[in-house]
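Participant: what's the 3D shape of this:
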Amino acid sequence: MLTEREKLDGLIRLGIELNQVQDLDILMERILTRAREFVSADAGSIYFRQKDRLNFSYTQNLTLQRRLPKGGKLIYSTFSLPIDKKSIAGYAAATGEVLNLTDVYDLNPSLPYSFSKKYDRASGYKTQSNLTVPLKNAKNDVLGVLQVINAKDPEDRIGPFSDKDENIMLHFASTAAVALERAQMTRAMILRMIRMAEMRDPKETGAHVNRVAGFSVEIYEQWALRRNISEHEIDKARDILRMAAMLHDVGKIATSDLILKKPARLNHNEFEVIKEHTVHGARLFLDRQSDFDDAASLVALNHHERWDGNGYPGHVDIFTGSVIDGYELPDGSARGKRQEEIPLFGRIVALADVFDALSSKRSYKDPWDESAILSEIEKDAGYHFDPELVEIFFSRIEIIRAIQDRYRDEDP
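Facilitator: Numbering: from 1, shown residues only. Now for the predicted structure:
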C-alpha cells in the first residue's frame, strides 16, 4: 500500500512512465495496474470506447489471482456494452461523470444505472466499493472508462474509496488519457500499414495481426519468466514485441497481386518471389529510430525461418538480398538459419503465425479443427519450431484461446 508521499511522487512520474509505453494493449494493462496501486484497490477493469459502445478490455483481481497456481492468469470473456445510463460504466461514459459507490449491492432503486451481479456469481467474488472514472482527452471526448473495485485499508479490509482517492483518480485519469490517445494514434498508424498489406494480401487483417501479436507476447512472457528476467525488461520487450509482431508480413506490400491473390497453389518461381517479402519487410525498418525498428526488422526477416534450418530467407544481406559469404548452398541459395541462430522474436512469431493461419478461414481453405492444429504443432516441435516455445505454447493454451476470442474476424 502506497503512502501519501509515494502517491504524490508517483503522480508526478506517471506521465513519463506511461508515455514510454507504445502499444495500446500493453498501455491499458499498465494503466489499470497503476490505478489499483494508487488507491489500494483489490480489483479493477478498463473499458475502451469504440463508437457508441464500451469494449471490456482488461480486468485485474488480486483476490482471484491468488487462487491460481503460480504463473496462472485470469481468463475472462470479452464483451461490450452500450454507452447509455443503464450500467455503471455506461453511465460514466455517457455523462462524463465520476461515480464513487460505497456498495454496489445497495444502490438506490431510483438511480438510472444498476450493478450486474453476473460476474460475481460466476467467479465467487464479492464486489463492494466501486470508483468509476471516465478517461477524457483534451477535447473532453471520452476515450474509455476506468473502474477500480474494493478499496483496501492497511489491515486488508474492504471499505469505500475516499474523497482523496477520487481526486487522485481524476488526476490519474487525465494523465492516462493523454497516453491512451497517443497510443491509439500509434495503433491506428500500424493498422493503416496492415490495411496497405491487406489490399495486396486479404489474409493480413487487423484481427489476424492482433491475434499473432497477443499470442507472441504471452509466449515471450513465459519464456522470460523461466529465465528470471526482470519485470522492467519483460515489460519493455512485451511492448516492442507486440507492435513488431503486428507488422510481421508488412513486406508483402512489395509482392505482386497476381501471386498474393492466386487462388491455387503457387509454382516454384512464384514461391521464390513471395519469400522475398521477408527481406522487403526488414528493409522498411533500416532507418533505425528506436528499439522497435530493430525488433520489427528482425521479426519481418526471420518469422519464416525453421528450427531445423529449412526455412527462409536464411543468411542474406538485407541491404542487397545476396547470400552472406560462407552461407551459400550448392544451388546458390542461402543456408537457412537454424535453432538459436534465429532471433528469439522471430522464433516466437513463427509459431504464433502458423497457429493463427491454421486456425483461420481463407479463400482457399476452411479453418482446421483445433485438435488437428495442436497435433501438427506438437509434431513440428524440434523441426519447424523451437521445442521450448512449443512447450510454453501448450502450457498457455487457455490464454491463447482467450486471445482468439478477443480478436475475432469480422463477418464479411
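Participant: Run through the residues that contact the closest residue to Leu32 other than its chain neighbours.
Facilitator: Spatially, and ignoring its direct neighbours in sequence, Leu32 is nearest to Ile46 (4.8 Å; Cβ to Cβ, 6 or more residues apart in numbering). Yep, even glycine has a C-beta here, placed from its N, CA and C like the rest. Ile46 makes contact with 28, 31-32, 57-59, 144-147, according to Cβ atoms under 8 Å, 6 or more residues apart in numbering.
Participant: now Ile46, what's its secondary structure?
Facilitator: Taking DSSP: H, G, I helix; E, B strand; the rest coil as the rule, one finds Ile46 in the strand state.
Participant: Ok, Leu143 next?
Facilitator: Recorded secondary structure, Leu143: strand (three-state DSSP).
Participant: Hmm, it is touching Asn137, no?
Facilitator: Yes: with contact defined as Cβ atoms under 8 Å, Leu143 counts as touching Asn137 (5.8 Å).
Participant: Quickly list what's touching both of the two.
Facilitator: With Cβ under 8 Å, 6+ apart as the test, Leu143 and Asn137 both reach 177, 181.
Participant: Counting neighbours, go ahead and name the busier of those two.
Facilitator: Taking other Cβ atoms under 10 Å, Leu143 and Asn137 do not tie; Leu143 has more neighbours (19 against 14).
Participant: How about that one: what's its closest non-neighbour residue?
Facilitator: Leu135 is the one closest to Leu143 (Cβ to Cβ, 6+ apart), at 4.7 Å.
Participant: Also Ala176?
Facilitator: Ile31 is the one closest to Ala176 (Cβ to Cβ, 6+ apart), at 4.8 Å.
Participant: Not counting its own residues, what contacts the helix or strand that contains that neighbour?
Facilitator: Taking DSSP states H and E as the criterion, Ile31 maps to helix 24-38. Contacts with helix 24-38, where a contact means Cβ under 8 Å, 6+ apart, come from 2, 7, 10-11, 14, 17-18, 21, 41-46, 48, 57-60, 62, 146, 148, 168-169, 172, 176, 179-180, 183-184, 186-187, 213-214, 217, 235, 238-239, 242.
Participant: quick one, phi/psi of Tyr327?
Facilitator: Main-chain torsions, Tyr327, degrees, to the nearest 10: phi -120, psi 20.
Participant: I meant Val148, not that one.
Facilitator: phi -120, psi 140.
Participant: so what's it up against?
Facilitator: With Cβ under 8 Å, 6+ apart, Val148 has these contacts: 35-36, 39, 41, 43-44, 130-131, 161, 169.
Participant: can you put the residues you listed in TSV and add distance to Ala352?
Facilitator: Below are these laid out as TSV (distance: Cβ to Cβ, whole Å):
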residue	distance to Ala352
Ala35	29
Arg36	29
Val39	36
Ala41	33
Ala43	29
Gly44	28
Asn130	36
Leu131	36
Phe161	39
Met169	36
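Participant: Let me know the closest of the residues you listed to Ser77.
Facilitator: Using Cβ to Cβ, the shortest approach to Ser77 within the contacts of Val148 belongs to Ala43, at 16.0 Å.
Participant: host element of Thr132?
Facilitator: strand 130-136.
Participant: for Asn55, that is, sorry about that
Facilitator: strand 53-61.
Participant: quick revisit: of all the contacts of Ile46, which comes closest to Phe345?
Facilitator: Using Cβ to Cβ, the contacts of Ile46 come closest to Phe345 at Met28, 22.0 Å.
Participant: Helices of the stretch 301-412 of the chain, start to end?
Facilitator: 344-359, 370-380, 387-395, 397-406 (DSSP state H, counting those that start in this stretch).
Participant: Comparing the ones you listed, which comes out most buried?
Facilitator: Mean neighbours per residue, mean count of other Cβ atoms under 10 Å, is largest over the helices of the stretch 301-412 of the chain for helix 344-359, with a mean of 23.
Participant: Could you check the angle that helix makes with helix 397-406?
Facilitator: 70 degrees (axes from the mean of the first three to the mean of the last three Cα atoms, to 10 degrees).
Participant: Run through the stretch 101-250 of the chain and note the low-pLDDT ranges.
Facilitator: 197-204 (pLDDT under 70).
Participant: same deal with the stretch 251-400 of the chain?
Facilitator: Residues of the stretch 251-400 of the chain meeting the criterion pLDDT under 70: 362-365.
Participant: And the helices in the stretch 101-250 of the chain?
Facilitator: 118-123, 163-200, 206-226, 231-246.
Participant: State the distance from the residue of the chain positioned farthest from its centre to Ala188.
Facilitator: Distance from the C-alpha centroid of the chain peaks at Pro330, with 42.2 Å (Cα atoms, centre = their mean). Pro330 sits 48 Å away from Ala188, going by Cβ to Cβ, to the nearest Å.
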